[in-house]
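A.B. asks: structure, please.
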Amino acid sequence: SQGRSMVISRNGIVAAESPLAAQAGARILERGGNAVDAAIATNAMMGVVEPMMNGIGGDLFAIVYDAKANKLYGLNASGWAPKGLTIEYLQRQGIRSMPQQGVNAITVPGAVDGWQKLADKFGRKKLAEDLAAAIRTAQDGFPVPEWTAAYWAAELDYLRTDETAAKTYLPGDRAPKMGEVFRNPELAWSLEQIAQHGREAFYKGEISAKILDSTKRHNGPMMAQDLAEYSSEFVEPISTSYRDWTVYELPPNVQGMAALEMLNILETFPLGQKDWGFGSTKTLHAMIEAKKLAYADLAKYIGDPRKQKLPVATLVSKEWAAERAKLIDADKANCDATAGEIPVGNDTTYLSVVDSEGNMVSLIQSNYEAFGSGIVAAGTGFALHDRGGLFSMDPNSPNALAGRKRPLHTIIPAFAQKGDVRVAFGIMGGWNQSQAHAQFVANLVDFKMNIQAALEAPRFSKHTFSGCDVMMENRFGQNVRNELTSK
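C.D. replies: Got it, this is the predicted structure:
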C-alpha cells in the first residue's frame, strides 16, 4: 500500500534524497532560475551533505526536456581513463583484475564539465548563483542526518587508508555523529573556484594541479592533458514504446539499453490482465527472466561507442525482444542465461526537477563506491571517484580498459512520455537500476499506479548476471516467493 501521498505543485518541484539539496534547488526556482539551474544547485548541495555518495570528483548523466523546443537532450558527462591507464600498464605491475579502489581505479571526473555544459546550453542563471548555497553550506556546515552518519561510520577504516581523506572526512579521527555539524571549507574553496572560473578551474586551473599532485603521490598515471582535454558530450537518448508510452534512456556507455530490452520482452506478456496482476507469480517470473536475458546481452555488448560500434538498435528492437522472450519457460527458471548472438553485419544520487514552464531534468551523479577511490586531493575537500573499477581486463571485451576510453556505467537517468504527460525518473542502486526502471514503468503503465505508489511498490533485484539468486522485498507474499523458489 502507498505510504506517502504524492507531492503536487503549480510552480515547479524538486525531488532529491536530501531536504537541504531539494531546498537549494527550490530556492533557485523561486529566484527565477529554470529546471537546469535548480538541478545544478541540488546536485552541488548533494555533494556537500552526502559526500560518500557523490560530488565533483564523480561523473554525471542527465536527460533534459526543453519545453519550448519540445525536445529531449541527453548529456553524457562520464570521464575517460587516463591515457596511460591500460591493461598493459596494470599487468606490468602484476595486476590481473581491475582495481576497485585506489589510484588505478580513478578516471577523469566528468561532473563539473557536465554542469558547465548544462548551464551554458540551458541555464538562466550564472553557475556562481547555482553553486552559492552549496558553497555556503560547505563553509558553515550542516547537521549530519541519521542515515548519513551511519553510512559515514561504516567507511571509517576505508577513509583512514588515505591521510588526506581522513583529514577531510574524519575530524577528530572519527566519523561525525548524527546531529553534529560537519564543515568542509576546502570543498567550499573548490566550489568557489568553479563558481568564479567555470570548468577551467577544475580541468586546467588550481583544482587540476591539486588532483595531479595527489595522483602522482599515489603513483597514478593521470597527466595534465587527461584533464585538460576532457569534454562531456550531448547525446541522443535511445527509446522504445511500451504499450502506449515512450520510454527514454541514455545510450552506452551506460546500462540503460537493458531497461528498454527488458520492457520490450515484458510487452510480449499480458501484464495487468487476469492472473498477471502486480506481485503475482506469473508477473514476477516473467520480469525476473526478462531481466536475466537483458543483462546477459548487456554484459556481452556494452562498451564505449566512441571506441567501437555497438549493436544498440538491434538490442532495443521489438524483433530482438520477441526472439529473446521465446526463451522464457513459464514453469522453470533459467539459471544460465546467455547473450543472444547478433549476426555480423553505475552509491549514487538521483534528482529530478520540473519548473513552471514545463522544463524537466532527470539527473544522476555518483562517486561509484562510497567515497570513491578513497583518495582526496589535498586542499580540495572531495574524493576522486573509482568508476574505472568497472572496466574489464579482458582485451576482447567491448568494455576492455584502454586509455581515453569511458568505462561501463551503472548510473542512468530516464524519462517517459504519453502524449502531454511526462515523467522524469531514476532509481539509485548500481546494477539494480535498469531492472528497477522496468518495474517502475510496468507499475505505471500495466498496473495503473500513480507515481508515488509506483516508486514505493516492492521490487525484486538480481545483482548478479548468472545463476538464480534473486532478492525480493518481504512485502511480496510468502506464497509467491515459495512458488518462484520452486521454479
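
A.B. asks: who touches residue 266 in this structure?
C.D. replies: With contact set as CB atoms under 8 Å, 6 or more residues apart in numbering, residue 266 has these partners: 242, 286-287, 290, 438, 442. Any C-beta I mention is one placed from the backbone N, CA and C, and that applies to glycine too.

A.B. asks: the residue nearest the centre of the chain sits in which helix or strand?
C.D. replies: Central residue of the chain (CA atoms, centre = their mean): residue 411, 2.3 Å from the mean position. Residue 411 belongs to no helix or strand when assigned by DSSP states H and E.

A.B. asks: just the ones of the contacts of residue 266 in helices?
C.D. replies: Using DSSP state H to define helices, the subset of those located there is 286-287, 290, 438, 442.

A.B. asks: residue 374 contacts residue 163, correct?
C.D. replies: No. Using CB atoms under 8 Å, residue 374 is not in contact with residue 163; the gap is 11.0 Å.

A.B. asks: tell me which of those two has more neighbours.
C.D. replies: Regarding residue 374 and residue 163, a neighbour count based on other CB atoms under 10 Å identifies residue 374 as having more, with 23 against 11.

A.B. asks: which strand residues bridge residue 238?
C.D. replies: On DSSP bridges, the residues paired with residue 238 through beta bridges are residue 249.

A.B. asks: quick one: contacts for it?
C.D. replies: Contacts for residue 238 (CB under 8 Å, 6+ apart) come out as 248-251, 256-257, 260, 312, 316.

A.B. asks: out of the residues you listed, who's the most crowded?
C.D. replies: Neighbour counts for the contacts of residue 238 (other CB under 10 Å) peak at residue 256, which has 31 neighbours.

A.B. asks: residue boundaries of the strands in the stretch 151-300 of the chain?
C.D. replies: Applying DSSP state E, counting those that start in this stretch to the stretch 151-300 of the chain gives strands spanning 181-182, 233-235, 238-242, 245-249.

A.B. asks: then the last one to CSV, C-alphas only?
C.D. replies: It refers to strand 245-249. Extracted as CSV, the C-alpha positions of strand 245-249 are listed here (Å, rounded to 0.1, in the frame of the first residue of the first chain):
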residue,chain,number,x,y,z
TRP,A,245,4.1,5.1,-23.6
THR,A,246,7.5,6.0,-24.9
VAL,A,247,10.4,5.3,-22.5
TYR,A,248,13.8,7.0,-23.0
GLU,A,249,17.2,6.1,-21.6
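
A.B. asks: average pLDDT across it?
C.D. replies: Along strand 245-249, the predicted local confidence has a mean pLDDT of 98.

A.B. asks: contact partners of that strand?
C.D. replies: 63, 72, 237-241, 256-257, 259-260, 263, 412, 414-418, 437, 441, 444-445.

A.B. asks: just checking, residue 429 touches residue 435?
C.D. replies: No. Counting by CB under 8 Å, residue 429 does not reach residue 435; the two are 9.5 Å apart.

A.B. asks: pull up the overlap in contacts between those two.
C.D. replies: residue 461.

A.B. asks: would you check that residue 169 makes contact with residue 159?
C.D. replies: Yes. Contact status for residue 169 versus residue 159: in contact at 5.3 Å, counting by CB under 8 Å.

A.B. asks: quick one: common contacting residues for these two?
C.D. replies: Common neighbours of residue 169 and residue 159 (CB under 8 Å, 6+ apart) are 175, 371.

A.B. asks: residue 429 and residue 435: which is more packed in?
C.D. replies: residue 435 (27 against 17).
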